[in-house]
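Predicted model and sequence below, questions to follow.
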Amino acid sequence: MADLFDALDDGMAGQADAPAKNAPLADRLRPRHFADVIGQQHLLGEDGALRVMLESGRLSSIIFWGPPGVGKTTLAKLLADETEMEFVQISAIFSGVADLKKVFEAAKLRRQTGRGTVLFVDEIHRFNKAQQDGFLPHMEDGTIVLVGATTENPSFELNAAVMSRSQVMVLERLTLADLELMAQRAEQLVQRALPLTADAREAVLEMADGDGRALINILEQCFAWDAKEKVGRDGLSKRLSRRAPKYDKSGEEHYNLISALHKSVRGSDPDAAVYWLCRMLDGGEDPRFLARRITRMAVEDIGLADPQAQAVCLQSWQTYERLGSPEGELALAQAVIYLALAPKSNGAYKAYKEARRAAQKTGSEPPPKHIRNAPTKLMKDEGYGVGYAYDHDAEDGFSGQNYFPDGMKHGVYYVPVDRGFERELKKRTEYFAKLRTSRNRDG
């Protein structure tokens with residue numbers, strides 16, 4: 001039994017002695033108490049969910065959801081220390097069913113001795129449904145307290161059963177103030193100021209992009225420089241390569257950013273719209289996907305208030321196809337700016353949806369006979385085309401006949417807004433509505 005515990009817990013134990021001076025900076029800076037944690041005060045501050053849970057004396061299973069480098073592993077370790085439970089860490093990337101069975105068996109044996117287990121599962125969303133189901137009985141009987149960590153939206157990636165037995169806690173990316181505090185702690189620990197000018201120091205914090213782990217790695221490089229003078233922003237760019245922005249083209253961040261772009265256009269903010277466009281391009285998004293989505297914005301949110309908008313989008317798409325990146329991306333930016341400043345209308349979009357619903361509801365109703373073609377004698381004998389009024393021969397070029405199925409009320413689906421070109425279309429619809437009423441009354 002002792003051998004089993006030793007094999008499983010090697011390198012996985014909870015709070016250890018302070019790391020040696022030659023240990024990586026990340027280990028030396030890792031908080032030893034909750035009071036040392038930087039950021040996440042919405043969880044750890046007064047009335048914070050994690051603080052309330054600890055003060056209640058009962059630790060339940062948790063899913064930590066947040067971007068990389070914001071303290072998910074650290075919080076899990078501190079939870080185990082605070083509750084005097086064994087801390088066991090596995091990664092869903094490298095662990096399989098056999099590994100889980102060993103962990104659960106060790107936790108059962110440990111429980112018999114009166115010691116609980118905090119099982120920290122990094123990247124828990126990587127486990128498939130069957131593997132996630134394997135946690136349930138051990139969570140329910142108290143063998144383990146599951147603390148999962150994920151960068152993906154758990155409502156999409158985790159089983160409903162696991163979610164229902166856990167409390168989801170959202171961790172936020174670290175602010176520049178948080179990162180500055182982390183840099184100051186590193187300087188105190190190393191007993192040396194960073195060899196950076198104020199401008200370069202700010203650039204380093206921005207380069208970390210809310211990721212504490214990334215910042216520590218950058219700081220460790222900076223401390224290793226043998227610089228006689230402080231390094232400025234230009235020198236920094238030569239010594240350090242800028243991190244690629246965190247962006248998953250198939251994950252939630254993809255949908256978050258395209259939503260931000262679309263809503264910025266709809267909200268007539270060209271500056272925000274171009275910003276989100278550049279965020280997606282810098283993240284490696286396919287410009288063709290963006291061209292398609294930008295065209296959709298023209299159809300959905302500008303519509304007939306500016307019929308030219310669709311043409312601008314299609315031309316920008318075509319221009320990108322001819323020029324490629326990066327020159328062609330400017331055409332997409334121009335289209336985004338045009339759409340943001342264009343008059344907005346979803347009148348045609350709403351008309352389409354309303355008409356679609358009506359068509360699905362009355363899908364078997366035939367057209368009235370007077371507007372049916374009559375290419376055969378039988379059709380003519382059945383009255384097809386009889387009574388059709390040729391609109392060009394009518395007064396004002398408008399007959400006012402009914403074109404809906406017999407017995408179906410004339411629908412009103414398209415309601416133009418009083419903006420842009422639709423002002424003119426509104427006048428036309430009102431004009432034809434009055435004529436239709438007049439002709440039908442006179443008829």
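Okay, I see it.

C-alpha from now on. contacts and neighbour counts both.
OK.

Surely Asp199 and Asp234 touch.
No - judged on Cα atoms under 8 Å, Asp199 makes no contact with Asp234 at a distance of 9.6 Å.

Now do the same contact list for Ser95.
Neighbouring residues of Ser95 by Cα atoms under 8 Å, 6 or more residues apart in numbering: there are none.

Can you pull the phi/psi pair for it?
The phi/psi pair for Ser95 (degrees, to the nearest 10) reads phi -110, psi 140.

gap between it and Gln131?
10 Å (Cα to Cα, to the nearest Å).

what does Leu314 give?
From Leu314 across to Gln131, the span is 47 Å (Cα to Cα).

Who has more neighbours out of the two?
Taking neighbours as other Cα atoms under 10 Å, Leu314 and Gln131 compare with Leu314 leading, 18 against 15.

May I ask which helix or strand encompasses that one?
helix 308-323 (DSSP states H and E).

roughly how far is that helix from the heart of the chain?
27 Å (Cα atoms, centre = their mean, to the nearest Å).

Other residues contacting it?
Helix 308-323 is contacted by residues 288, 291-292, 294-295, 298-299, 302-303, 327-329, 331-332, 334-335, 338-339, 342 when judged by Cα under 8 Å, 6+ apart.

for stretch 55-71, same thing?
Here stretch 55-71 makes contact (Cα under 8 Å, 6+ apart) with 39, 53, 72, 83, 139, 145-154, 165-174, 210-214.

So which of those residues sit within strands?
Judged by DSSP state E, the contacts of stretch 55-71 include 145-150, 167-170 as members of strands.

all strands of the chain, in order?
Counting by DSSP E, the strands of the chain are 62-65, 86-91, 117-122, 145-150, 167-170.

distance between the fourth one and the chain's centre?
Centroid displacement of strand 145-150 relative to its chain, using Cα atoms, centre = their mean, is 21 Å.

Let's test this: mean pLDDT of that strand, rounded?
The average of the pLDDT scores along strand 145-150 is 94.

That one vs strand 86-91, what angle?
Between strand 145-150 and strand 86-91, the angle comes out at 30 degrees (axes from the mean of the first three to the mean of the last three Cα atoms, to 10 degrees).

Let me see the mean pLDDT of whichever helix in the chain runs longest.
Longest helix in the chain by number of residues (criterion: DSSP state H): helix 422-442. Computed over helix 422-442, the mean pLDDT rounds to 87.

Run through who's touching that helix.
So helix 422-442 is contacted by 304-306, 398-401, 415-418 (Cα under 8 Å, 6+ apart).

out of the residues you listed, which one sits closest to Ala374?
If you rank these by distance to Ala374 using Cα to Cα, Gln401 comes first, at 18.2 Å.

what's the neighbour count on the closest one?
Using other Cα under 10 Å, Gln401 is surrounded by 17 other residues.

now Lys77: how far from Arg30?
The spacing between Lys77 and Arg30, counted by Cα to Cα, is 10 Å.

I meant Ala186, not that one.
For Ala186, the distance to Arg30 - Cα to Cα - is 11 Å.

between the two, which one's more packed in?
A count of neighbours by other Cα under 10 Å puts Ala186 above the other of Ala186 and Arg30, at 22 against 14.

mind listing what the spatially closest residue to that one that is not a sequence neighbour touches?
For Ala186, ignoring the flanking residues on the chain, the nearest one in space by Cα to Cα, 6 or more residues apart in numbering is Leu29 at 6.9 Å. Shown in contact with Leu29 (Cα under 8 Å, 6+ apart): 185-186, 189.

Out of these, name the ones that lie in helices.
185-186, 189.

Check the burial of the residue nearest to Leu341 when sequence neighbours are not counted by counting its neighbours.
Take Leu341 and drop its neighbours on the chain: the residue closest to it by Cα to Cα, 6+ apart is Ser268, 5.5 Å away. By other Cα under 10 Å, 18 other residues sit near Ser268.

Over to Met182?
By other Cα under 10 Å, 21 other residues sit near Met182.

What separation is there between it and Arg279?
From Met182 across to Arg279, the span is 26 Å (Cα to Cα).

And for Phe398?
Phe398 sits at a distance of 51 Å from Arg279 (criterion: Cα to Cα).

export stretch 74-87 as PDB, just CAs?
Listed next in PDB are the C-alpha coordinates belonging to stretch 74-87 (Å, rounded to 0.1, in the frame of the first residue of the first chain):
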ATOM      1  CA  THR A  74      -2.100  27.500  -7.600                       C
ATOM      2  CA  LEU A  75      -5.700  27.900  -6.200                       C
ATOM      3  CA  ALA A  76      -6.200  24.100  -6.400                       C
ATOM      4  CA  LYS A  77      -3.000  23.500  -4.400                       C
ATOM      5  CA  LEU A  78      -3.900  26.100  -1.800                       C
ATOM      6  CA  LEU A  79      -7.300  24.500  -1.400                       C
ATOM      7  CA  ALA A  80      -5.700  21.200  -0.600                       C
ATOM      8  CA  ASP A  81      -3.400  22.900   1.900                       C
ATOM      9  CA  GLU A  82      -6.100  24.900   3.500                       C
ATOM     10  CA  THR A  83      -8.300  21.800   4.000                       C
ATOM     11  CA  GLU A  84      -5.400  19.500   4.900                       C
ATOM     12  CA  MET A  85      -6.200  17.200   2.000                       C
ATOM     13  CA  GLU A  86      -3.800  15.300  -0.300                       C
ATOM     14  CA  PHE A  87      -3.200  17.100  -3.500                       C
END
